[in-house]
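S.K.: no letters, just coordinates:
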């Protein structure tokens with residue numbers, strides 16, 4: 001859980017971005033729904049109490065955000081080339097920016113309604129805190145995509161080791177933030 005918020009941090013965006021890169025936008029939309037259902041179920045199973053409409057909101061928000069990102073990517077007319085790193089970075093950049101904008105707007109609306117404040121104040125309160133998951137997810141997806149498609153066993157092992165170290169570092173930072 002992010003400190004002083006009701007938001008739970010996860011890196012599901014990387015799964016959605018990888019699905020987009022490998023399978024395409026329509027499939028990424030379906031995977032975003034399935035991922036959010038499973039994430040909510042796991043949080044609920046671990047003791048997190050959700051109010052009545054939070055799980056449907058989370059699922060709808062994930063699907064809408066992924067759908068909007070896919071539509072923006074299509075409207076821009078950019079074509080992803082899987083053997084070009086610049087194309088990978090551009091595609092992930094378009095997706096992460098559109099995911100961030102859409103997700104922060106939807107979250108700000110929810111917070112504004114819940115706390116009875118205006119949307120601008122709600123966005124200031126939570127907008128940038130949400131962005132880190134999209135940015136980290138896009139970075140992880142890009143590295144994983146390149147390593148799994150073009151790497152050998154050694155580079156894959158090194159990349160996995162780096163990801164494991166980053167994960168434990170993230171857990172430590174999160175624990176320190178929650179303790180403060």
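M.R.: Sure thing, it's come through. On a predicted model such as this, the values are computed, not experimentally measured, just so you know.

S.K.: list the contacts of the helix or strand residue 28 falls within.
M.R.: Assigned by DSSP states H and E, residue 28 falls within helix 25-45. Identification of contacts with helix 25-45 by Cβ atoms under 8 Å, 6 or more residues apart in numbering yields 8, 10, 12, 15-17, 19-20, 23, 50, 54-55, 58-59, 61-63, 65-67, 69-70, 73-74. To be clear about C-beta, it is placed using only N, CA and C from the backbone, and glycine gets the same treatment.

S.K.: at 7 Å what do you get?
M.R.: Residues from elsewhere that reach helix 25-45 (Cβ atoms under 7 Å, 6 or more residues apart in numbering): 8, 10, 12, 15-16, 19-20, 50, 55, 58-59, 62-63, 66-67, 70, 73.

S.K.: one more: stretch 59-68?
M.R.: Applying Cβ under 7 Å, 6+ apart, the contact partners of stretch 59-68 are 16, 28, 29, 32, 33, 36, 37, 98, 99, 102, 103, 106.

S.K.: which one is the third one nearest to, not counting chain neighbours?
M.R.: Think residue 29. The shortest distance from residue 29 to any non-neighbouring residue, by Cβ to Cβ, 6 or more residues apart in numbering, is to residue 66 (4.8 Å).

S.K.: quick check: which element contains that neighbour?
M.R.: helix 54-76.

S.K.: hey, what's the angle from that helix to helix 25-45? Just curious.
M.R.: 160 degrees (axes from the mean of the first three to the mean of the last three Cα atoms, to 10 degrees).

S.K.: list the buried ones in helix 54-76?
M.R.: Using 16 or more other Cβ atoms under 10 Å as the test for burial, helix 54-76 gives 54-55, 57-59, 61-62, 65-70, 72-73.

S.K.: same deal with stretch 158-171?
M.R.: Quick answer for stretch 158-171 (16+ other Cβ under 10 Å): 159, 163.

S.K.: run through who's touching it.
M.R.: In contact with stretch 158-171 (Cβ under 7 Å, 6+ apart) are residues 140, 143, 147, 151.

S.K.: one more pass at 10 Å, please.
M.R.: Defining contact as Cβ atoms under 10 Å, 6 or more residues apart in numbering, one finds that stretch 158-171 is touched by 9, 11, 14, 136, 139, 140, 143, 144, 146, 147, 148, 151.

S.K.: which of the residues you listed sits closest to residue 116?
M.R.: For the contacts of stretch 158-171, the minimum distance to residue 116 (Cβ to Cβ) is 25.2 Å, reached by residue 9.
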